[in-house]
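Q: have a look; sequence and predicted model below, questions after that.
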Amino acid sequence: MGALTPQDPERRLREILAQDSEERQRIKELARTDLREAIESVGKLVGLYVGDVERVFGPILFDLDD
Amino acid sequence: MPNILDILRRLGLGSDAELAHIEQELDARLPKRERVRFDRELERIYETPPKITLIGKTGVGKSKTINALFDPRPALRVGHIRATTKRPTQRVVHLGGKRGRLVVAELPGLSESIRADREYLPLARHELQTADVAIWILKADDRALGDEQRLMKSVLTPKLRKRLVVGINQIDELQPGRWMDEYNIPSVEQEESINQKVRDVKRKLREIGIVPTRIVPYSAHRGYQLAYLFRVMLEACAPGKVWVVGSREAIAPYASPRLS
């Protein structure tokens, strides 16, 4: 956390808001990775393999640039 | 019952057009029977409510934390004078709208008496073992952590420590300093006390051989740092349950600080 002086609560608030938004993004990312694994696992049961899952869900669940 | 598209929507993943495309692709690739089975299997996992276990001394804000994180309907009862939870409870909590259910295992406040602890500690061990996420809540202005050290040493097995989040609640009540209501942030003095508190908790946990990796200072009452607490909870969550807990995310709008 950056040094805070009594004069700059607005700056601190902006930092906190940015952190908050970052946390929400990371929540989404953690859930997305775990859901992808669940879909791959359930997909196998019905004949939808990893390559199919990637083609169906594309960038919603996969980082296609990797 | 939610299907895969509902689940993706709930997690904020994909636009309407992308979701429509997924539906078409699934229909095209899977025979109808298998398509139904695919949705059913994911629904089954989604509908199995994740279990959140809260532990901590009496009065640390266990019920209030669940209320602030998940906004259950009706809200869990919060006690102000006497301990509210007198015996271990495992409640199925219904969240608002179609957000699903949650099992909240709330242990009675520990350290009320030696006799009560003798009864509750084995229950605490049991509850924690079956938790998808365990939160050990401390009260920020409670400087004496001897009781917690004893309890943690007694309850936390090495396996359990991996699923554990230590939450430091009520940071808005730390002294010296005053909560800045107009911004909903701690004052300079409180920021310093929060950092000190986190260092102190880390040190005291190390004294009993626990290397804490997840310590979150927050205020359930003020809705402060709840997104941080939620994210750390997901990191501690058992694989396969992360998305299920994540889909229950319901950090209310009031939880965010505001910019005036």
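A: That came through, no problem. Numbering: from 1, shown residues only, chains lettered A, B, ... in the order given.

Q: helices of chain A, start to end?
A: For chain A, applying DSSP state H gives helices covering A:9-46, A:50-61.

Q: check contacts around the residue nearest to B:Gly14 when sequence neighbours are not counted.
A: Among residues not flanking B:Gly14 along the chain, A:Ile60 sits closest, at 4.5 Å (Cβ to Cβ, 6 or more residues apart in numbering or on different chains). Any C-beta I mention is one placed from the backbone N, CA and C, and that applies to glycine too. A:Ile60 sits next to A:32, B:8, B:13-14, B:18, B:22 when contact means Cβ atoms under 8 Å, 6 or more residues apart in numbering or on different chains.

Q: of all these, which comes closest to B:Ile208?
A: A:Arg32 (36.2 Å; Cβ to Cβ).

Q: and that closest one, how far from A:Arg24?
A: Distance of A:Arg32 to A:Arg24, given as Cβ to Cβ, to the nearest Å: 13 Å.

Q: higher neighbour count, these two?
A: More crowded of A:Arg32 and A:Arg24, by other Cβ atoms under 10 Å in any protein chain shown: A:Arg32, with 21 against 18.

Q: in chain B, which residue sits nearest chain A?
A: B:Gly246 (2.9 Å; Cβ to the nearest Cβ).

Q: just the pLDDT for that residue.
A: Confidence at B:Gly246, expressed as pLDDT, is 88.

Q: what sits closest to it if chain neighbours are left out?
A: B:Gly246 sits nearest to A:Ala31 (Cβ to Cβ, 6+ apart), 2.9 Å away.

Q: the one you found: how many residues sit nearby?
A: 25.

Q: what parts of the stretch 101-250 of chain B come near chain A?
A: Within the stretch 101-250 of chain B, the positions adjacent to chain A are B:180, B:183, B:185, B:187-188, B:191, B:195, B:227-228, B:230-231, B:234-235, B:239-243, B:245-247, B:249 by Cβ under 8 Å from any Cβ of the partner chain.

Q: pull out the buried members of the residues you listed.
A: Buried subset of these (neighbour count, 16 or more other Cβ atoms under 10 Å in any protein chain shown): B:180, B:183, B:185, B:187-188, B:191, B:227-228, B:230-231, B:234, B:241-243, B:245-247, B:249.

Q: which of those residues fall in helices?
A: Per DSSP H, those map to helices at B:188, B:191, B:227-228, B:230-231, B:234, B:242-243, B:245-246.

Q: buried ones in stretch A:20-36, by neighbour count?
A: By neighbour count on 16+ other Cβ under 10 Å, the buried set for stretch A:20-36 is A:20, A:23-24, A:26-28, A:30-36.

Q: Throw those residues into CSV and include pLDDT, thanks.
A: Output for the buried residues of stretch A:20-36, formatted as CSV (pLDDT from 0 to 100):
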residue, pLDDT
A:Asp20, 88
A:Glu23, 91
A:Arg24, 88
A:Arg26, 91
A:Ile27, 90
A:Lys28, 89
A:Leu30, 92
A:Ala31, 92
A:Arg32, 93
A:Thr33, 93
A:Asp34, 94
A:Leu35, 94
A:Arg36, 94
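
Q: which one of these is nearest B:Asp132?
A: Within those, the smallest distance to B:Asp132 is 11.6 Å, found for A:Asp34 (Cβ to Cβ).

Q: now the closest residue to that closest one other than its chain neighbours: how far from B:Leu5?
A: In space, and not counting its chain neighbours, A:Asp34 is closest to B:Val242: 3.6 Å by Cβ to Cβ, 6+ apart. B:Val242 sits 20 Å away from B:Leu5, going by Cβ to Cβ.
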